[in-house]
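Visitor: Okay, here's the prediction I keep looking at, along with the sequence it came from:
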Amino acid sequence: MLRRTKIVATIGPASSEQAVIDEMIGVGMDVARLNFSHGTPDQHRQRAEMVRDRARAHGRTVGVLADLQGPKIRTERFTNGKVRLTEGGKFTLDIHADPNGGDETHVGVTYKELPNDVSRGDTLLLDDGRIVLWVESVADGRIHTHVVTGGELSNNKGINRQGGGLSASAITEKDREDIKTAAEIAADYVAISFPRSAEDVHRARALLRQAGGHGGIVAKIERAEAVDDLEEIIAAADVVMIARGDLGVEIGDAELPAVQKHIISLARKMNKVVITATQMMESMIENPIPTRAEVFDVANAVLDGTDAVMLSAETASGKHPAKAIAAMDRICKRAEKQPVAMVSDHRINTRFRRIDEAIAMAAMYTANHLGVKAIAALTESGATPLWMSRISSGIPIYALTPHVETRRKVTLYRGVYPVNFAVKTTDHALANKEAVDELVRRAAVRDGDTVIITKGDLLGVHGGTNAMKIVTVGDMVEPGS
């Protein structure tokens, strides 16, 4: 059974060896995430090259996602590595403090504008909300707080303001350099961290294009402000990622499930791709099997219509990278068998603006009502398979294209499978037969199966899909007969 939901797996110290990457590809990794918060440019280049080399060896196409660090709003370091804050006590965040001299009374912060972004009455959340501080006063670069929820606090922990409102730019100087690296390695997607508006997405795209990169832009929804500006951000991006860690801290964990469902629904409605991320299989950093709660989490994201589910530390630094992917694979497949995952009224009452978009919608409506075995979409840019993939279905969509960039791009699209296929003829009957023969060769279809083919009158032209043909395998008329 083909899995429709794609799996994004982070490459890190636990998954940088060839044997481990081979195993990860073998059990179902679709997209490799390179986390630019860690590692050097050379390490990212080597990992991207190794992933692509091993994918070719497996006869697979695996995409590469470069995930930018974004603004680093963190505590600095403690003299003894960590302290314990006591509920009811006092604690100061001090931009002037020794970066390595924190203690039970104060610690430095990496973001020097933080005192300008907070005031008395604000709540600051440290270490993913484990430590809660209430701001009593702000003066001379020092934020004096009252400890509401105490506990152990160690070096370099994240700082969030409840409700959002921190003004740090989404694209830092480090990000600008990392975008150049992403362009050098021809990353298929570049993820921007902490965007507050569509303008942040546009700026990232412009920088990537200036650097010679052609990848899509992923907007990570992890700020409260981003939820308020959701439609504009989704419209500006190619992909949205529900980054549930920081987002849950800023808006509150109880708000997160409804927001996740809304983002997935809205992204699909707007014909954009959506990734659900953060702590999906967190227990598998240590354990060889997931918790039942994690099984439900992954399955629910699949049933809601997410294009992809993502693994972070589970594969980057965990003990069982391949087992985490394999577990996610079987959960996705089982969830996809449910009827709700195969029905859709997507855009049923919407006018289409483009001919290729109309063909994509017509193909999926026909496929879902005719018992079609597969769809062969001859595509240049991948636009037609993307539109098709917005319709919930159990029918595989094969993106037949000669362009490696397009094949890598569609690795993130739900229910779309890349196929290296070049049309070498202007004879449409012959092109149809060759496309179906390719699916037969891959054992995707066999004699008697119904297949839908979409393509353009002018083969090889971007945005030119204007035709849909329904054929039966084995009954196709030989060209010239």
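Guide: Thanks, I have the structure now.

Visitor: Would you mind giving the domain segments of this structure?
Guide: Annotated domains of the chain cover 6-70+170-336, 82-161, 355-472 [automatic domain parsing].

Visitor: ok, and what's touching the helix or strand bottoming out on mean pLDDT in the chain?
Guide: Sorting the helices and strands of the chain by mean pLDDT, DSSP states H and E puts helix 355-370 at the bottom, at a mean of 88. Contacts of helix 355-370 with the rest of the structure, by C-beta atoms under 8 Å, 6 or more residues apart in numbering, involve 342-344, 347, 352, 372, 375, 377, 383-385, 387-388, 391, 393, 395, 450, 452, 454, 456, 463-468, 470. Quick note: C-beta positions are derived from backbone N, CA and C, even for glycine.

Visitor: per-residue pLDDT, the closest residue to Arg4 other than its chain neighbours?
Guide: Counting by C-beta to C-beta, 6 or more residues apart in numbering, the nearest residue to Arg4 once its immediate chain neighbours are dropped is Gly415, at 4.0 Å. Gly415 is assigned 96 on the pLDDT scale.

Visitor: these two touch, right, Gly415 and Leu386?
Guide: No - between Gly415 and Leu386 there is no contact under C-beta atoms under 8 Å: 10.6 Å.

Visitor: ok, Ala9 - contacts?
Guide: Contacts of Ala9 (C-beta under 8 Å, 6+ apart): 15, 24, 29, 31-33, 310-311, 314-315, 321, 324-325.

Visitor: ugh, wrong one, I meant Glu184
Guide: Glu184 sits in contact with Arg45, Ala211, where contact means C-beta under 8 Å, 6+ apart.

Visitor: Likewise for the one 3 residues further on?
Guide: For Ala187, the contacting residues are Leu34, Ala48, Val64, Leu65, Ala66, Gly213, Gly215, taking C-beta under 8 Å, 6+ apart as the criterion.

Visitor: hmm, 7 Å instead?
Guide: If you count contacts by C-beta atoms under 7 Å, 6 or more residues apart in numbering, Ala187 has them with Val64, Leu65, Ala66, Gly213, Gly215.

Visitor: what's the residue nearest to it when sequence neighbours are not counted sitting at in phi/psi?
Guide: Leaving aside its chain neighbours, Ala187 sits nearest to Ala66 (4.0 Å; criterion: C-beta to C-beta, 6+ apart). Ala66 adopts backbone torsions of phi -100, psi 120, taken as degrees, to the nearest 10.

Visitor: Against Cys332, how distant is Ala66?
Guide: Ala66 sits 24 Å away from Cys332, taking C-beta to C-beta, to the nearest Å as the criterion.

Visitor: More neighbours: which of the two?
Guide: Legend: neighbour count by other C-beta atoms under 10 Å for Ala66 and Cys332, higher for Ala66 (27 against 23).

Visitor: looking at it, the more buried one is touching Leu34, isn't it?
Guide: Yes - taking C-beta atoms under 7 Å as the definition, Ala66 is a contact partner of Leu34 at 5.2 Å.

Visitor: shaky segments in the stretch 351-481 of the chain?
Guide: 351, 458-463, 476-481 (pLDDT under 70).

Visitor: how about the strands of it, start to end?
Guide: Ranges of strands in the stretch 351-481 of the chain, per DSSP state E, counting those that start in this stretch, are 374-378, 397-401, 416-420, 450-456, 465-472.

Visitor: How about the stretch 1-150 of the chain?
Guide: For the stretch 1-150 of the chain, the strands defined by DSSP E, counting those that start in this stretch occupy 6-11, 31-35, 63-67, 82-85, 90-94, 106-108, 123-126, 131-139, 142-149.

Visitor: sorry, back to before: could you point out which of the domains of the chain sits nearest Glu76?
Guide: Across the domains of the chain, Glu76 has its closest neighbour in domain 82-161 (3.5 Å, C-beta to C-beta).

Visitor: Can you get me the start-to-end distance on that closest one?
Guide: 22 Å (C-alpha to C-alpha, to the nearest Å).

Visitor: C-terminal to whichever strand or helix holds Ile263, what's the next element?
Guide: According to DSSP states H and E, Ile263 maps onto helix 256-269. Next along the chain after helix 256-269, taking DSSP H and E as the criterion, comes strand 273-277.

Visitor: residues contacting the residue nearest the centre of the chain?
Guide: Central residue of the chain (C-alpha atoms, centre = their mean): Ile275, 3.8 Å from the mean position. By C-beta under 7 Å, 6+ apart, the contact set of Ile275 is Val8, Val239, Met241, Ile242, Thr306, Asp307, Ala308, Met310.

Visitor: Confirm the fifth one sits in a strand?
Guide: No - Thr306 is assigned coil when assessed by DSSP: H, G, I helix; E, B strand; the rest coil, not a strand.

Visitor: thought it was touching Ile263?
Guide: No - using C-beta under 7 Å, Thr306 is not in contact with Ile263; the gap is 9.3 Å.

Visitor: For these two, indicate the residue with more neighbours.
Guide: Neighbours per residue (other C-beta under 10 Å) separate Thr306 from Ile263, with Thr306 holding more: 27 against 24.

Visitor: and that one, how far is that from Val148?
Guide: 34 Å.

Visitor: now do Ser154
Guide: According to C-beta to C-beta, Ser154 and Val148 sit 19 Å apart.

Visitor: Where does the prediction get shaky in this protein?
Guide: Scanning the chain for pLDDT under 70 picks out 342-351, 458-463, 476-481.
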